[in-house]
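Engineer: Task: produce atomic coordinates for the following.
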Amino acid sequence: MPYSAAMAQGIIDSHCHLDAPDFALDRASVWARARAAGVTALILPAYDPRQWQRLAEVAATNSAWFAAFGAHPCYLEALSETMVQSWERDLRRYLGAAVALGEVGLDRGAGAAPWKVQMDFLNRQLDLAEELNLPVIFHARRCTEDLLQTLRHRSGLRGVIHSFAGSWVQAQKALDLGLHLGLGGALTHPRAQRLRELAARLPAGTFLLETDAPWQAPADGLGVRNEPARIVSVLSTLAALRAEDPDSLAAATAATARSLFALSES
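Structural biologist: Purely as a prediction, here's the structure:
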């Protein structure tokens, strides 16, 4: 579906890596296209701890870009080699100007750190989130149940499971823990029947829209770099699945994001 500012005023992309090198040459143009599509704010989670400073610098250039900092489970090996003496001190410092801890979590896919290392880093980061009263942006690839079991022992944590791909039962467990679910490009693919059925059933106020740009392109953007303007594809798909007005759904998910990340209305 073509991007329509009239259809999608006020969207918040709750998970976008605009600091990635993929956007280094045309970041301003990418943001202009997002604004034209109705996007008003971006949450920018860290994915490489060695690039926390780059993320901080990018986020500081625009009042509508909000940074989150954390150690992604696929980058822990590099972190432990280069920052083992200072990573926790540095993370605490960066979190002082963040809206969330993230992207953190667990991963059973290729390229992830050993499981024991992942669990250690996750728990130490969650301790910081609890201490600083920050929401958490969670990553869980092929291990949603592992993450949920870990979080059962931490009452009061709030946050979102990015790119949720679990079952309906797991979704209910996540909601019972006070978490939100991130819905992105995967939802737009016709073969994602289980995810589509789940998204149609979720209670209002329990989910966020995201792109994960420059990755996880929607069905109408396969083969090219994903970018935040394409969140309209996610919105229009979700609105059709839920038989809801896209404008109202955009406003509702933006309100949910503002509440979770304590963003101002401006």
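Engineer: From now on I want contacts and neighbour counts done on CA atoms only, so please keep to that.
Structural biologist: Will do.
Engineer: ok, residue 262 - contacts?
Structural biologist: Taking CA atoms under 8 Å, 6 or more residues apart in numbering, we find residue 262 in contact with residue 99.
Engineer: residues in contact with residue 179?
Structural biologist: The neighbours of residue 179, taking CA under 8 Å, 6+ apart as the test, are 157, 158, 159, 160, 161, 206.
Engineer: Please export the C-alpha coordinates of the helix or strand hosting residue 40 as PDB.
Structural biologist: For residue 40, the enclosing helix or strand under DSSP states H and E is strand 39-45. Presented in PDB, the C-alpha positions along strand 39-45 are these (Å, rounded to 0.1, in the frame of the first residue of the first chain):
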ATOM      1  CA  VAL A  39       6.000   8.800  11.700                       C
ATOM      2  CA  THR A  40       6.600  11.300  14.500                       C
ATOM      3  CA  ALA A  41       9.100   9.500  16.700                       C
ATOM      4  CA  LEU A  42      11.600   6.600  16.600                       C
ATOM      5  CA  ILE A  43      13.000   4.400  19.400                       C
ATOM      6  CA  LEU A  44      16.600   3.600  18.600                       C
ATOM      7  CA  PRO A  45      17.800   0.500  20.500                       C
END
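Engineer: other SSEs contacting that strand?
Structural biologist: strand 11-13, strand 65-69, strand 100-107 (3 or more CA pairs under 8 Å, 6 or more residues apart in numbering; DSSP states H and E).
Engineer: between the second one and strand 100-107, how many degrees?
Structural biologist: It refers to strand 65-69. In terms of direction (axes from the mean of the first three to the mean of the last three CA atoms, to 10 degrees), strand 65-69 departs from strand 100-107 by 50 degrees.
Engineer: No further questions, thank you.
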